[in-house]
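Trainee: predicted model follows, preceded by the sequence.
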Amino acid sequence: MPMVIIAGHVEVDARDRDRYVAAHQDMVRRARQAPGCLDLAITADALDPTRVDVFERWQSEEHLDAWRAVAHAPDTGISFRGADVQMYVISEVRPPFS
């Protein structure tokens, strides 16, 4: 069963970024406890005040789908100015420096 990675970023108004990240804290906490979740982060970018970085790593697409059915993402009312988030289906995993 291939691993799934969702990675990228969304762009919001700088005044809304920290509120957007904070609104997702409960969901991130719950996701990290969900079956098949290997990692999940929604974080403020260190350099760009409008950017929110998104990273998810799941054991399988089935685990991701099960999570999405119960995730209940918060409705922040914050509009995206832009987004580049993609899903990657991974067939091989190995250490990066060996």
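Mentor: Alright, I've got the coordinates.

Trainee: tell me which stretches of this protein form strands.
Mentor: 3-11, 37-44, 51-58, 82-90 (DSSP state E).

Trainee: please identify the most buried of those.
Mentor: Ranked by mean neighbour count, these are led by strand 51-58 with a mean of 20 (mean count of other Cβ atoms under 10 Å). The C-beta positions use only the backbone N, C-alpha and C, and glycine is treated the same way.

Trainee: quick check: mean pLDDT of it?
Mentor: Mean pLDDT, computed over strand 51-58, is 98.

Trainee: now for residue 11: which residues touch it?
Mentor: Listed by Cβ atoms under 8 Å, 6 or more residues apart in numbering, the contact set of residue 11 reads 48, 50, 51, 52, 80, 81, 82, 83.

Trainee: would you turn these into TSV with distance to residue 33?
Mentor: Output for those, formatted as TSV (distance: Cβ to Cβ, whole Å):
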residue	distance to residue 33
48	30
50	30
51	27
52	22
80	27
81	31
82	31
83	26
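
Trainee: return the member of those nearest to residue 65.
Mentor: residue 83 (20.9 Å; Cβ to Cβ).

Trainee: and the closest one, how far from residue 50?
Mentor: Residue 83 sits 12 Å away from residue 50, taking Cβ to Cβ, to the nearest Å as the criterion.

Trainee: what's the answer for residue 92, then?
Mentor: Residue 92 is 34 Å from residue 50, by Cβ to Cβ.

Trainee: circling back to that earlier point, return the member of the contacts of residue 11 nearest to residue 26.
Mentor: residue 52 (16.0 Å).
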